[in-house]
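1. Take this sequence and fold it.
(one chain, ligands or ions: 1)
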Amino acid sequence: MREQLAKMKAEALEALGRVQTPSDLDTLRVQYLGKKGELTAVLKQMGKLSAEERPAMGQLANEVRAVLEEALDRTGRRLEQAALEARLKAEAVDVTIPGAVHDIGHKHPMYIALDEIKDIFVGMGFTVLDGPEIELATYNFDKLNAEEGHPSRDWSDTFYFDTESRVMLRSQTSPMQVRAMETMPLPIRIIAPGRVYRKDEVDATHSPMFHQVEGMVIDKGVTMADLKGTLNTVIEKLYGEGTVTRFRPHHFPFTEPSCEMDIQCHKCGGKGCPTCKGEGWIEVLGAGMIHPNVLRMSGIDPEVYSGWAFGMGLERLAMGRFKIADLRLIFENDVRFLEQF
Ligand code: DAH
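-> As a prediction, the model looks like this:
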C-alpha cells in the first residue's frame, strides 16, 4: 500500500507537470482526489491493515493528499498566470505605430463659389437673406406681376402642393424680393441664395432642383447703370479682371426693362466651342429694373423709389468658375469629383 501511494503520488505530480488547460486540471483533480478517485480507492483498503499499521498508513495517505492538493492549486495558479500573460500579449497596443489618417471632407465646389459671391456682395453693403423653399404662389407669382395664366404658373412646370395652386415649391428665388420689401426698411440691398424647383428632366444642364442667387437694390435714384456696374464688378471679381460681359434685352414680368447678362466664353474667348455650344457667350443671369407694379404691390411708391434686381443660376456660375462640364457632377457627390477642388 505504501508503494501504491508512492506510485500514485509520482504519477499524479508527473501528470500535473504536463497539464495545459483548466479542464485537464479538473479531470486530474477528480481522477486522484474525487470520491471515486484513486486516493479514495487506496484508503478503502485500510480495513485490511492491522491496527498497528493503520495510523502510520493513515498519516501517509493524508500527507499524499496534502501534497496533491497543494500541487493542484499551484498548477491552477500557473495556468491562470499563463492565460493572463497570453491575453496581455494578444491585446497589447503598440502606441508607437503611426495612426491611420482619416479623410476630412471640405466644402462643396458650388458652396465655395457661393461663399465667394456672398463675400463680394457683403463687401458692397448687401445683407444675405434666407427664405422658405415651400412658398405661396402669391409671393412666387402674384406679387411679382405674373398674373393668372402666365405660362410659368403652369402645372407642367411647377410643383404645387394643392389643387388650387396656392402652395408650391418655389420656382425661383424672386419671391425673396417681395419678402424683403414687405419686412425691411428702405433703402434695401439684399442677396438671397437658395434652392428652387422646376419640373425639368435631368440632363447635362438641367435638374428639377437647382440653386439661384437673387439680388435686389431699392433706393432713390437707382438706375440701370448701377445694375450694370455692380454686376460687371461682381463678374470680374469672380472670373478675373477683363472678363467681357454683354446685356441682351429680355422679358420678365417683374422687371421693366428686363435683360439677360452673358459672359464671354472663358474657354474659347468668344470664338465658339463646345462649352458655349458654339455661341461664344454663356448666359449667367436675368435682371432688370423692378416693375412699378411690383413696388406698388409691396407698398413702395415707384414715384419716389426705384430698384433693380437679378437672379443668377448658382450651378452654372460654379460650372464656369471651376470649368465643370456637366451639371450632374455637382449633385452626384462622387468623391473622385469633389476631391479635385
Ligand atoms: N427669376 C428669374 C428666373 O428664374 C430670374 C430673374 C430675372 C430674377 C430678372 C430677377 C430679375 O430678379 O430681375 O428666371
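
2. Check which element follows the helix or strand containing residue 225 along the chain.
-> Assigning secondary structure by DSSP states H and E places residue 225 in helix 224-239. Going down the chain from helix 224-239, the next helix or strand is strand 245-252, by DSSP H and E.

3. re earlier: and the helix holding residue 225, what's its mean pLDDT?
-> Here helix 224-239 scores 95 as its mean pLDDT.

4. Quick one: list the elements packing against it.
-> For helix 224-239, the packing partners by 3 or more CB pairs under 8 Å, 6 or more residues apart in numbering; DSSP states H and E come out as helix 109-123, strand 209-219, strand 245-252, strand 255-264, strand 281-290, strand 306-313, helix 314-322. Every residue, glycine included, has its C-beta placed from N, CA and C.

5. give me every residue that touches residue 139.
-> Residue 139 sits next to 170, 175, 178, 179 when contact means CB atoms under 8 Å, 6 or more residues apart in numbering.

6. among the helices and strands of this structure, which has the poorest mean pLDDT?
-> helix 38-43 (a mean of 82; mean pLDDT, DSSP states H and E).

7. For that helix, list the C-alpha coordinates in CSV.
-> The C-alpha coordinates for helix 38-43 follow below in CSV (Å, rounded to 0.1, in the frame of the first residue of the first chain):
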residue,chain,number,x,y,z
GLU,A,38,-7.5,6.8,-6.9
LEU,A,39,-6.7,8.0,-3.4
THR,A,40,-10.1,7.0,-2.1
ALA,A,41,-9.6,3.6,-3.7
VAL,A,42,-6.4,3.1,-1.8
LEU,A,43,-7.9,4.3,1.5
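
8. And it, what's buried?
-> Buried residues in helix 38-43, counted by 16 or more other CB atoms under 10 Å: 38, 39, 42, 43.

9. Which secondary structure element is home to the residue nearest in space to the middle of the chain?
-> By CA atoms, centre = their mean, the chain has its centre lying nearest to residue 105, at 8.5 Å. Per DSSP H and E: residue 105 is located in neither a helix nor a strand.

10. Name the nearest residue to it, ignoring sequence neighbours.
-> In space, and not counting its chain neighbours, residue 105 is closest to residue 338: 7.9 Å by CB to CB, 6 or more residues apart in numbering.

11. Flag every residue of this structure that's near the ligand.
-> Residues of the chain found near the ligand (CB under 6 Å from any ligand atom) are 172, 174, 214, 252, 255, 286, 287, 288, 309, 310, 311.

12. follow-up on the earlier one: ranking the helices and strands packed on helix 224-239 by burial, who's on top?
-> Neighbour counts averaged per stretch over those are highest for strand 306-313, at a mean of 24; criterion: mean count of other CB atoms under 10 Å.

13. relative to strand 281-290, how tilted is it?
-> 150 degrees (axes from the mean of the first three to the mean of the last three CA atoms, to 10 degrees).

14. what about strand 306-313, average pLDDT?
-> For strand 306-313, mean pLDDT is 97.

15. And for stretch 160-167?
-> Across stretch 160-167, the average pLDDT comes to 93.

16. How many residues are close by residue 220?
-> By other CB atoms under 10 Å, the residues close to residue 220 number 10.

17. how much space between it and the ligand?
-> 19 Å (CB to the nearest ligand atom, to the nearest Å).

18. who touches that residue in this structure?
-> Contacts of residue 220 (CB under 8 Å, 6+ apart): 187, 304, 305, 306.

19. Check the gap between the first one and the ligand for me.
-> Meaning residue 187. With distances taken as CB to the nearest ligand atom, residue 187 is found 17 Å from the ligand.

20. wait, doesn't that residue sit right on residue 217?
-> Yes - contact criterion CB atoms under 8 Å: residue 187 and residue 217 qualify, at 7.5 Å.

21. Map the structural domains onto the sequence of the chain.
-> Segmentation of the chain into domains, based on automatic domain parsing, reads 2-90, 109-338.

22. Same list (those domains) but as TSV, adding distance to residue 100.
-> Listed next are the domains of the chain as TSV, based on distance: least, CB to CB, whole Å:
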stretch	distance to residue 100
domain 2-90	21
domain 109-338	17
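
23. Of the ones you listed, flag the one that's most buried.
-> For the domains of the chain, the highest mean count by mean count of other CB under 10 Å goes to domain 109-338, at a mean of 17.

24. How about the residue of the stretch 1-150 of the chain at minimum distance from the ligand, nearest residue that isn't a chain neighbour?
-> In the stretch 1-150 of the chain, the residue that lies nearest the ligand is residue 144 (8.1 Å; CB to the nearest ligand atom). Once flanking residues are discounted, residue 144 sits nearest to residue 254: 4.2 Å by CB to CB, 6+ apart.

25. Contacts only, for the one you found.
-> Residue 254 is in contact with 144, 145, 146, 174, 177, 288, 290, 291, 294, 309, counting by CB under 8 Å, 6+ apart.

26. And it, how far from residue 46?
-> Relative to residue 46, residue 254 is positioned 116 Å away (CB to CB, to the nearest Å).

27. With residue 325 instead?
-> With CB to CB as the criterion, residue 325 and residue 46 are 101 Å apart.
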